[in-house]
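K.L.:
below is the sequence, then the predicted model.
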Amino acid sequence: MTTANNGQEALDILKKAPISFVISDWMMPKMDGRELCRHIRSSDFGRYIYIILLTARDAKNDLIHGMEAGADDFVVKPFNRGELKVRIRAGERVVALKRDLVDANDQIQHAYDRFNRDLEAGAQMQRSLLPPPDFLDNRRKDIRSLTDAIGRQDYETIQRMGHSMKGSGGGYGFDDITDVGRLIEEAAKARNVDEIKQGINTLSHYLDHIDIVYEEMDF
């Protein structure tokens, strides 16, 4: 239990100590109980603070003003100690329930954040399995590069491009491109120009009849 001589001192203590229950007199020097309630409710302590006001005022309007200031309960003086204990126990249950609610919300938020991280990780993994948007355009550029390499009789470049095409096609599920890449690679090893040109024509025909469409999915 921590005591304070006035409302301002009580407010200073609340800022330093993790106190969640306040029993305050209505009439105090420097800062009365109602003003203390207002300061507590307007401050962010990171926890709920239950407030019981002790007062000799029993007029209904006074109690309403106290509730509007943020008090949770009242005990009118002179009071019975048994009554005060009962009200304290009731307040402690409220504080415990609010603490449990905060803990439950934190757990829900933690689970939600983890779900979003897992969802984003899954989306990134899926994106990594998809071909880049310029994949087919690059294969069209390959056709021009292969044609130029044929003119130079650069079979080493043709073989290297066929090998690369074979790997990239299979990696993204374009099996036809893989087959063409394999054909071009083997034809370049054998320096078979006709088969290289056949592979280029097959690739060109394939690219004329295929496209990649990306669609966003909402979860």
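P.N.:
Now that the structure is in, tell me what you want to look at. Residues are numbered from 1 along each chain as shown.
K.L.:
now do stretch 200-215: distance to the chain's middle.
P.N.:
38 Å (CA atoms, centre = their mean, to the nearest Å).
K.L.:
using CSV, write out every CA atom in the strand or helix carrying H205.
P.N.:
Take DSSP states H and E as the rule and H205 turns out to sit in helix 193-207. Only the C-alpha atoms of helix 193-207 are listed here, as CSV (Å, rounded to 0.1, in the frame of the first residue of the first chain):
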residue,chain,number,x,y,z
VAL,A,193,22.9,-25.4,-88.0
ASP,A,194,19.7,-26.9,-89.3
GLU,A,195,18.7,-28.3,-86.0
ILE,A,196,19.6,-25.0,-84.3
LYS,A,197,17.3,-23.2,-86.7
GLN,A,198,14.6,-25.8,-86.1
GLY,A,199,14.9,-25.2,-82.4
ILE,A,200,14.7,-21.4,-82.9
ASN,A,201,11.6,-21.8,-85.1
THR,A,202,9.9,-24.0,-82.5
LEU,A,203,10.7,-21.5,-79.8
SER,A,204,9.3,-18.6,-81.9
HIS,A,205,6.1,-20.5,-82.6
TYR,A,206,5.7,-21.4,-78.9
LEU,A,207,6.2,-17.8,-77.8
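K.L.:
got the contact list for that helix?
P.N.:
136, 139-140, 142-143, 146-147, 150, 158, 162, 165, 176-177, 180, 183-184, 186-188 (CB atoms under 8 Å, 6 or more residues apart in numbering). In this view, the C-beta of every residue, glycine as well, is placed from N, C-alpha and C.
K.L.:
which ones among the residues you listed map onto strands?
P.N.:
Of these, none are assigned to strands by DSSP state E.
K.L.:
R127 - how many residues pack around it?
P.N.:
10 (other CB atoms under 10 Å).
K.L.:
re earlier: please, a PyMOL command that selects the buried ones among the contacts of helix 193-207?
P.N.:
Buried residues within the contacts of helix 193-207, by 16 or more other CB atoms under 10 Å, are selected in PyMOL with:
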select buried, resi 136+139+142+143+146+150+158+162+165+177+180+183+184+186+187+188
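K.L.:
now intersect the contacts of helix 193-207 with the helices, please.
P.N.:
136, 139-140, 142-143, 146-147, 150, 158, 162, 165, 176-177, 180, 183-184, 186-188 (DSSP state H).
K.L.:
pLDDT below threshold where in this structure?
P.N.:
Scanning the chain for pLDDT under 70 picks out the ranges 59, 214-219.
K.L.:
hey, where'd the helices end up in it?
P.N.:
Going by DSSP H, the chain shows helices at 7-16, 33-42, 60-69, 81-129, 135-152, 155-171, 175-190, 193-207.
K.L.:
from the chain's centre, how far out does the fourth one sit?
P.N.:
When you say that, I think you mean helix 81-129. With CA atoms, centre = their mean, you get 15 Å for helix 81-129.
K.L.:
who does it touch, helix- and strand-wise?
P.N.:
strand 21-25, strand 50-55, strand 73-76 (3 or more CB pairs under 8 Å, 6 or more residues apart in numbering; DSSP states H and E).
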